[in-house]
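Student: I would like the atomic coordinates for the input below:
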Amino acid sequence: MYPTVAEALALPVLRQGCPRVVAGSTGLERRVRWAHAAEVADIAHLLRGGELVLTTGVALPDDDATLTRYVADLADVGVAGLVVELVRHWNDRLPHALVTAAEQRGLPLVTLSRETRYVAVTEAVNGMIVDAQLAELRAAERVHETFTSLTVAGAEPAAVLAEVARLTEQPVVLETLEHEVLAYDTAGTDPGELLIGWPARSRVVQVGERTGYHSAAGWLVTVVGARGHDWGRLVLVCAEPPPHRYQVVAERAASALAVHRLVTRDSDTLERQAHRAVLTELLNSPAPTAEILARSSALAVPLTGRQLVGLAVRPRITATTRPTLSTPPLLRELAEATALATRRAKVSALVSTDETAVRALLALSPDANADAVLQRLATDIHDARASAPAAIGVGTTVTGPAEAQRTLVEAAHVAAAALDEDDDQPLHRLKDVRLRGLLHLLADDERVHAFAARELGPLLERDAASGSRLVSALRHYCAHGGNKSAAAVAAHTSRTAYYQQLARIEQVLGVRLEDPESMLSLYVALLAHDLGTATRPSEENPPGRGAQ
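Tutor: So this is what the prediction gives:
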């Protein structure tokens, strides 16, 4: 970084000349690109800007007009400052016209009351500049090595941004080209202050080149992308014009992020990862913090003053789809289909995946018709996933971020329960899954598991010990409401053999199956047992679908 005029004046070689700033003190933070001794008045056309001009004044005129034009020419070319020795031409003070012109143009004007060796001054100042340039080169080399290591190691975006914040000590944000925040590092500042109103603030910041500084916003912006496909922007928030080193850091970080996206193109997108982080916080926090609300808003999904609806989409992995589809890619494809459906419906939504399903939180305007929006989304999602059908669960519509956890949890339970529903409904709510939905809501309750074990334990043990299929026979019986003939047909068993199985069940369990309470209790126990079973034996062909 080039030294400022103030830093140059602090050098011993200039301090011994007793420097005094007589005009343009507001420009003392200007950067000095070079120090140059010049006595002639028409020197400006030979300069490039950024010079600290040193003169004894012996060749300068005394008339006001020429002195004013001299200062104007220097200011126009961008000179950093003017130093005049008060020994040979002017002894005690500079002409009033010279001081006035410098003040008006904001050009630092400095007098030296003692004779000063300008050759020593230029040597010291230019030496400082060369040292600063060398330090910049060394710093750039270290930056290059750092981000190369991160790229080779496949560092996640959060690690890349953390390194940017460490090297610059400035907040940094990675956003999409639609100005949604994908990741950020506050560098110790308030995240709420950094992210508040981000999309609106970002839209007005355009730099017109791949890397540029927007002085009004105080942002250093560089485009992120590779192979001709730009997909984001990296924003370094710095109130003052940044040194060149910051630009190097931003550009190397952008390259690392672009490479990471190319390498991990088969993984979740950064947008899905950002959405997942916010949804996870909402699920784990009954009272969302101001930072979470700001992060969601920065993703263009405001949560306050909106109708919030949880949505869960679970693929139906059947015997037909399982050989050709694996769950993670299927979920990623389903998440993108869900996100596309929300964009088409012009609905703000957080969309991500977990181990088994796609989660979404819709943020609808207060006057939106939630049912109409949900029906349209469900239709679009089903149309997009015709090759792998999905069950869509919807939570209760709520009106504040504090209830977001509730609607998300409800949607997940409904979607899980709806997997066993054999119907053509585009989406399901709690009222649609009825008893099965209630049991899904209570799936983690140990008392439910204990109840299922008490009711079915002896039967499960008998099947395990003898290889019988009594549990399967009981499923058919309960699913057909105690109709033995229909149950025997569904079980592909003769009536005589099936009636013998029912008699054996009554013997093992010590109950009468014709008793309505016994049948209901056993059916509930079967449903509860299924919740804790990862997979069912294929020969069971559970007939409980659709039975309530």
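Student: use CA for all of it now, contacts and neighbours both
Tutor: Noted.
Student: report all helices and strands that the lowest-mean-pLDDT helix or strand in the chain contacts.
Tutor: The least trusted helix or strand in the chain, going by mean pLDDT, DSSP states H and E, turns out to be helix 430-441, with a mean of 75. In this structure, helix 430-441 packs against helix 404-418, helix 516-531, with contacts taken as 3 or more CA pairs under 8 Å, 6 or more residues apart in numbering; DSSP states H and E.
Student: okay, now the unreliable bits of the stretch 201-350 of the chain?
Tutor: Low-confidence segments of the stretch 201-350 of the chain (pLDDT under 70): 227, 265-268, 317-327.
Student: so where do the helices sit in it?
Tutor: 244-263, 270-284, 290-298, 327-344 (DSSP state H, counting those that start in this stretch).
Student: redo those helices as a markdown table? Include distance to residue 207 and mean neighbour count.
Tutor: A markdown table is the format used below for the helices of the stretch 201-350 of the chain (distance: least, CA to CA, whole Å; neighbours: other CA atoms under 10 Å):
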| stretch | distance to residue 207 | mean neighbour count |
| --- | --- | --- |
| helix 244-263 | 14 | 20 |
| helix 270-284 | 23 | 19 |
| helix 290-298 | 20 | 21 |
| helix 327-344 | 27 | 19 |
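Student: which SSE is residue 179 in?
Tutor: Here residue 179 sits in a region with no helix or strand, counting by DSSP states H and E.
Student: the helices and strands packed on helix 430-441: lowest mean pLDDT?
Tutor: Of all the helices and strands packed on helix 430-441, helix 516-531 carries the lowest average pLDDT, namely a mean of 84.
Student: and that helix, C-alpha only, in PDB?
Tutor: Provided in PDB are the C-alpha atoms of helix 516-531 (Å, rounded to 0.1, in the frame of the first residue of the first chain):
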ATOM      1  CA  PRO A 516     -63.900 -54.700  18.600                       C
ATOM      2  CA  GLU A 517     -61.500 -53.300  21.300                       C
ATOM      3  CA  SER A 518     -59.000 -56.100  20.800                       C
ATOM      4  CA  MET A 519     -59.000 -55.700  17.000                       C
ATOM      5  CA  LEU A 520     -58.600 -51.900  17.400                       C
ATOM      6  CA  SER A 521     -55.900 -52.200  20.000                       C
ATOM      7  CA  LEU A 522     -53.900 -54.700  17.800                       C
ATOM      8  CA  TYR A 523     -54.300 -52.500  14.700                       C
ATOM      9  CA  VAL A 524     -53.000 -49.500  16.500                       C
ATOM     10  CA  ALA A 525     -50.100 -51.600  17.800                       C
ATOM     11  CA  LEU A 526     -49.300 -52.700  14.300                       C
ATOM     12  CA  LEU A 527     -49.200 -49.100  13.000                       C
ATOM     13  CA  ALA A 528     -47.000 -48.100  16.000                       C
ATOM     14  CA  HIS A 529     -44.700 -51.000  15.400                       C
ATOM     15  CA  ASP A 530     -44.300 -50.000  11.700                       C
ATOM     16  CA  LEU A 531     -43.000 -46.600  12.800                       C
END
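Student: which other helices and strands does that helix contact?
Tutor: Applying 3+ CA pairs under 8 Å, 6+ apart, we find helix 516-531 packed against helix 430-441, helix 446-466, helix 470-479.
Student: show me where the stretch 51-200 of the chain has its strands.
Tutor: Listed in chain order, the strands of the stretch 51-200 of the chain (DSSP state E, counting those that start in this stretch) span 51-55, 81-85, 109-112, 172-176, 181-185.
Student: which one of the ones you listed lies nearest to residue 461?
Tutor: strand 181-185 (52.0 Å; CA to CA).
Student: mean confidence score for the closest one?
Tutor: Mean pLDDT, computed over strand 181-185, is 92.
Student: that strand to helix 290-298, inter-axis angle?
Tutor: Interaxial angle, strand 181-185 versus helix 290-298 (axes from the mean of the first three to the mean of the last three CA atoms, to 10 degrees): 140 degrees.
Student: show me the contact partners of strand 181-185.
Tutor: With contacts defined as CA atoms under 8 Å, 6 or more residues apart in numbering, strand 181-185 is touched by 157-158, 161-162, 165, 171-176, 198-199, 270-271, 273-274, 295, 298-299.
Student: picking that back up, now the least confident helix or strand of the chain - C-alpha only, PDB.
Tutor: C-alpha atoms of helix 430-441 as PDB (Å, rounded to 0.1, in the frame of the first residue of the first chain):
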ATOM      1  CA  LEU A 430     -53.100 -33.800   9.600                       C
ATOM      2  CA  LYS A 431     -56.800 -34.300   9.100                       C
ATOM      3  CA  ASP A 432     -56.100 -36.500   6.100                       C
ATOM      4  CA  VAL A 433     -53.700 -39.000   7.700                       C
ATOM      5  CA  ARG A 434     -56.000 -39.400  10.800                       C
ATOM      6  CA  LEU A 435     -54.900 -42.100  13.200                       C
ATOM      7  CA  ARG A 436     -51.700 -42.800  11.300                       C
ATOM      8  CA  GLY A 437     -50.800 -39.100  11.500                       C
ATOM      9  CA  LEU A 438     -51.400 -39.100  15.200                       C
ATOM     10  CA  LEU A 439     -49.100 -42.000  15.700                       C
ATOM     11  CA  HIS A 440     -46.400 -40.300  13.600                       C
ATOM     12  CA  LEU A 441     -46.600 -37.300  15.900                       C
END
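Student: could I get the buried residue list for that helix?
Tutor: By neighbour count on 16 or more other CA atoms under 10 Å, the buried set for helix 430-441 is 430, 432-433, 435-437, 439-441.
Student: closest one of the residues you listed to residue 16?
Tutor: So of those, ranked by how close each gets to residue 16 (CA to CA), first place is residue 441, at 82.3 Å.
Student: hey, least reliable of the helices and strands packed on helix 516-531 by pLDDT?
Tutor: For the helices and strands packed on helix 516-531, mean pLDDT drops lowest on helix 430-441, to a mean of 75.
Student: for it, what is the distance to the chain centroid?
Tutor: Taking CA atoms, centre = their mean, to the nearest Å, one finds the center of helix 430-441 at 34 Å from the center of the full chain.
Student: quick check: buried residues in stretch 132-141?
Tutor: 136, 139-140.
Student: likewise for stretch 66-73?
Tutor: Residues of stretch 66-73 classed as buried by neighbour count (16+ other CA under 10 Å): 67-73.
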